[in-house]
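Undergrad: sequence-free structure coming up:
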């Protein structure tokens, strides 16, 4: 396993040059695009690492998975999906197009419109501290804090998300205060994690929501099933379909460079590689996952060896 | 198992009233919406049936799975996906919108635009007879023939598909003759199958492409993996995302009322129920599959019992 | 002339029943849909009136004409149209679609996106009082004030315009403070005018920007030409094309029920009729203008009698 | 006048370098982009020419004006606009977008979809010879013939128009045979005219439909009014709005390089300049018309001198 990880890292490095760090937020643009790390945590809780797996970076859109899980547990499936669909949109993550066209509902909780709607359900009842605490628990990482610089930088550059928020309000989808929703959303995006935190979270999801060692339930089984399915269909922005074919592991990426990947009943994988492709996914990360999927036969529809 | 199937059938029947047979083709509108059948074929080749599992109906869009499999084996992955993507589109099956907007490539091979492009690759080399023969083989059903009435009725009402064909030609995606492509596409849609034929085909896919009894390879392993993944992300039209969450079984529906479903490594399922919902999926069929998924724990991300 | 106006009024009344007052702002919904009035002011400054021509109502989108004229005179053509086009959009007045698709620039200054961009140019330099004063001057109506109730009601229901504002900011089109821009825009929409005020403004425009009696220049000649042309192509929302064919008089409508109409070199016409059609134009007002156009041969491409 | 025309020509020449001949049809790409000519025909039938005003080129989209006029006279306003709107679309001339989205009706008769629908009304009753004859009459040019090479070249490259035709058929808008409609449409586009022919046609329109010398009616007055209005709002593709502001003369361009311009009650103008801008309008032609409009005060909303 350790050898496969080292090989994956070497393959990933070759792709870094073709990617760029996210540039629309000044603080994100300052990341070192040569950072690269991968952590695999198996069901037997063996931890394998290669590269920069302890470097902190902001979780960004991967927080949408956590927010969705919290909302499903806090409000229930029916309420969450009353004003939101769960269809892949075929559009970019920050698109307003579909929201103003075919449907009045956000297409799914993994695009910004859907994530803002999701957070909107939580604003009246939960604090940021509640959500931070839950994030630390499912990532088994007490070191997670909010990166104040990234948060400030994002709040100073969030006009598009604010536009989405007010458009959702105008359609009666977002009933909470838009500014509070936007702030909580941005705080959640600014949480600093590591490849290892994501691997831990991935293993919890792979394990049906239970702590891999103690067996204590950390997430409701139905919520786990739903978030894994939505990661599969919508987790890699508008590259989700091709990623499902080539890699076949439910994953969620963030523009901070992280990827959370869940190998059903077998392992959690966390990746850090801030050089992104034009869709906003870690370019080295995707190639590493494709290599791991092929080498270790992790595709959900892999033929038996 | 037999009892679960009978229960599923009873549940399905309750939903028939809310659906309607496809109306845009006169011959399809003549189907009896009360028909309903489900067939399960397990890996050990035990066959369970309930309801109208021997009634013939036209395969319609389910043929897109077969055409894609043939194209992948005949031309290879790179050629097939050179001029076509594999992303869910979020639009209806016969939409031209995305094709004339964001991308010049069809979004995926399960929408009409993508299926026509796929057939276009095959027109120069394969005859309809070749494709019929292959369909009979993977469905293990020598009784499959082309329904001449449906074929004629569809050819007389195919202006929209013809428009898609010429739009694809204008973009350099469809290089074969548009009329021949359209005819072969429509012939393939007009093949008459049964719920049992679909269950057989499903089991071949569940079994990685091998005949469940003889072990003879009927479909290339990579093609099997690709079609199952695309069925998962795009198989139920613009209801694919919600179906994946609720049912979690890679499936493909047709407006003739059929559903092909593949329970990885475990079983093939075939369904016939011509009353459709507004997205074009068998309304009873979906509910039956949801019941089977829950009762038999078939969701790809099901918690262990 | 008086007789023709009375006939027009009678014709207009027949159409009221098919329209409805604007409902998206509670204060607008309270208007009496049976109100109807028309005022014609000829070049020789003869004033003809029929119906409710002294009733005050809010100017709404007609203020876009005034804001555009002010911006053209204050900043010049090049600056105003640097970040905005002047094409009819074919979409509804409050659409975000085109803004987030084909072009990053607002299509024209008569849709909300364009009007907000226009106001944005003025926010740093001009106060609301400056703009109110100018409005009074070109309408020759010192009684124009801001309707506080409508203003408050609109500010409480402006989520969609706020979304447009932030989307414009995110694209670098709106550089002024979004909230200040939105407030000034909404204040301008809340000015209370009468059919007679609009007729006066119309005559100033018909007269090339000069006061019809004193000859004093109230508006720059180039600005007059531009606003008249844009009223012709974009003044009646997405009904502008048909209105140009049927009526052929450059006009601008507002959801308050007003229509400003300019018969080149001949007359100004002001209309009040708050029952709107589904595009947001006064339904009786349009029919009255069509009748006047035919009776008095006012179509810009009318054959000679 | 002659001097102004020479100046206009000199100004036009400076813009040729920035344009390109239409390239999507091989035969059109062979035009000499340095050709340039302008003809003005005044109401008193004085003819002024500068440059290549006797060179033949294909009429292309300017034929849409003729087809619309014929249809209005043959079928009447109500029938023509029963299945077609008259709104500017804001989209490119060959767009299918709006046709498959907001509305099922073509936006206006100046885009390809609308022109095909218009021709569809005529196919059952009129022959190409009838339409050619009428074109010769309103252009006062017996030398107009169909350019066989261009026609063949266009028929060999009309997949997109064919797609539009079948899409219209699928929506029940085009009831005539699609192939016959497409052929007649393409024949009309392939008529060879000169700048002088267009000036003659322009003068007929400026003169309310009557022959400028004999006074004989060549076109119904209402049809004249409608086509002039639609030329104003939709005549220069998706540059119509800006052209109306800057030039203010109802005009219709074709990708063959021609522009037909109508100065109400005063003159007809014909232009030939095959170097096009990115919207498909003659780049020198537009600049020449802007110069003429300013020099001769031809803008429909021009201030008096």
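TA: Done, it's in. Note that this is a predicted model, so its numbers are computed, not measured.

Undergrad: Now the phi/psi pair for the residue in the stretch 151-300 of chain A that chain B sits nearest to, please.
TA: When scored by C-beta to the nearest C-beta, the stretch 151-300 of chain A has residue A:241 as its residue closest to chain B, at 3.8 Å. In this view, the C-beta of every residue, glycine as well, is placed from N, C-alpha and C. When read as degrees, to the nearest 10, the backbone of residue A:241 gives phi -70, psi -50.

Undergrad: right, and it touches residue B:230 too?
TA: Yes: applying C-beta atoms under 8 Å, one finds residue A:241 in contact with residue B:230, separated by 7.5 Å.

Undergrad: Name the residues contacting each of those two.
TA: B:86, B:108 (C-beta atoms under 8 Å, 6 or more residues apart in numbering or on different chains).

Undergrad: Contact partners for the closest residue to residue A:234 other than its chain neighbours?
TA: Leaving out its chain neighbours, the residue that sits closest to residue A:234 by C-beta to C-beta, 6 or more residues apart in numbering or on different chains is residue A:110, at 4.1 Å. Contacts for residue A:110 (C-beta under 8 Å, 6+ apart) come out as A:61, A:64, A:65, A:68, A:93, A:230, A:231, A:234, A:235, A:237, A:252.

Undergrad: Surely residue A:110 is in a strand?
TA: No: counting by DSSP: H, G, I helix; E, B strand; the rest coil, residue A:110 is not found in a strand; it is coil.

Undergrad: need the strands for chain A, in chain order.
TA: In chain A, the segments counted as strands under DSSP state E are A:37-42, A:47-51, A:57-58, A:192-193, A:251-253, A:258-263, A:267-272.

Undergrad: Okay, now the sheet partners of the last one, with direction.
TA: Looking at strand A:267-272 with DSSP bridges, its partner strands are strand A:37-42 (antiparallel), strand A:258-263 (antiparallel).

Undergrad: To residue D:192, which of the ones you listed lies closest?
TA: Nearest to residue D:192, of all the strands paired with strand A:267-272, is strand A:258-263, at 61.7 Å by C-beta to C-beta.

Undergrad: what comes into contact with that closest one?
TA: With C-beta under 8 Å, 6+ apart as the test, strand A:258-263 has contacts from A:57, A:59-60, A:62, A:65, A:193, A:195, A:198, A:201-202, A:205-206, A:228, A:231, A:249-253, A:268-273, A:281-282, A:285-286, A:289, A:298.

Undergrad: repeat that with 6 Å
TA: With contacts defined as C-beta atoms under 6 Å, 6 or more residues apart in numbering or on different chains, strand A:258-263 is touched by A:62, A:198, A:202, A:205-206, A:228, A:249-253, A:269, A:271-272, A:282, A:285, A:289, A:298.

Undergrad: just to revisit the earlier point, Serialize the strands paired with strand A:267-272 to CSV and add fields for distance to residue A:148 and mean pLDDT.
TA: Output for these, formatted as CSV (distance: least, C-beta to C-beta, whole Å; pLDDT from 0 to 100):
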stretch, distance to residue A:148, mean pLDDT
strand A:37-42, 23, 98
strand A:258-263, 19, 98
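
Undergrad: would you turn the ones you listed into a markdown table with mean neighbour count?
TA: Listed next are the strands paired with strand A:267-272 as a markdown table, based on neighbours: other C-beta atoms under 10 Å in any protein chain shown:
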| stretch | mean neighbour count |
| --- | --- |
| strand A:37-42 | 26 |
| strand A:258-263 | 28 |
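
Undergrad: May I see the ones you listed arranged in a markdown table, with distance to residue C:159 as well?
TA: Output for the strands paired with strand A:267-272, formatted as a markdown table (distance: least, C-beta to C-beta, whole Å):
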| stretch | distance to residue C:159 |
| --- | --- |
| strand A:37-42 | 42 |
| strand A:258-263 | 33 |
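
Undergrad: circling back to that earlier point, among the strands of chain A, which comes closest to residue D:75?
TA: Counting by C-beta to C-beta, residue D:75 lies closest to strand A:251-253 out of those; the figure is 57.2 Å.

Undergrad: hmm, the closest one in reach of chain B?
TA: No: applying C-beta under 6 Å from any C-beta of the partner chain, one finds strand A:251-253 separated from chain B by no less than 13.3 Å.

Undergrad: And that strand, what does it pack against?
TA: Counting contacts by 3 or more C-beta pairs under 6 Å, 6 or more residues apart in numbering or on different chains; DSSP states H and E, strand A:251-253 is packed against strand A:258-263.

Undergrad: can you rerun that using 10 Å?
TA: Using 3 or more C-beta pairs under 10 Å, 6 or more residues apart in numbering or on different chains; DSSP states H and E as the contact test, the elements touching strand A:251-253 are helix A:63-75, helix A:195-206, helix A:221-234, helix A:240-246, strand A:258-263, strand A:267-272, helix A:283-296.

Undergrad: What mean pLDDT does stretch A:143-161 get?
TA: Averaged across stretch A:143-161, the pLDDT comes to 96.

Undergrad: residues of it that come out buried?
TA: Neighbour-count burial for stretch A:143-161 flags A:144, A:146-147, A:150-151, A:153-155, A:157-161 (criterion: 16 or more other C-beta atoms under 10 Å in any protein chain shown).

Undergrad: Who is residue A:38 paired with across the strands?
TA: Legend: beta-bridge partners of residue A:38 under DSSP bridges are residue A:50, residue A:271.

Undergrad: Test my guess that it contacts residue A:267.
TA: No: between residue A:38 and residue A:267 there is no contact under C-beta atoms under 10 Å: 11.7 Å.

Undergrad: Identify the contacts common to the two.
TA: Both residue A:38 and residue A:267 are in contact with A:48, A:199, A:261, A:292, where contact means C-beta atoms under 10 Å, 6 or more residues apart in numbering or on different chains.

Undergrad: Would you mind giving those residues as TSV with distance to residue B:211 added?
TA: TSV is the format used below for the shared contacts of residue A:38 and residue A:267 (distance: C-beta to C-beta, whole Å):
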residue	distance to residue B:211
A:48	39
A:199	40
A:261	34
A:292	31
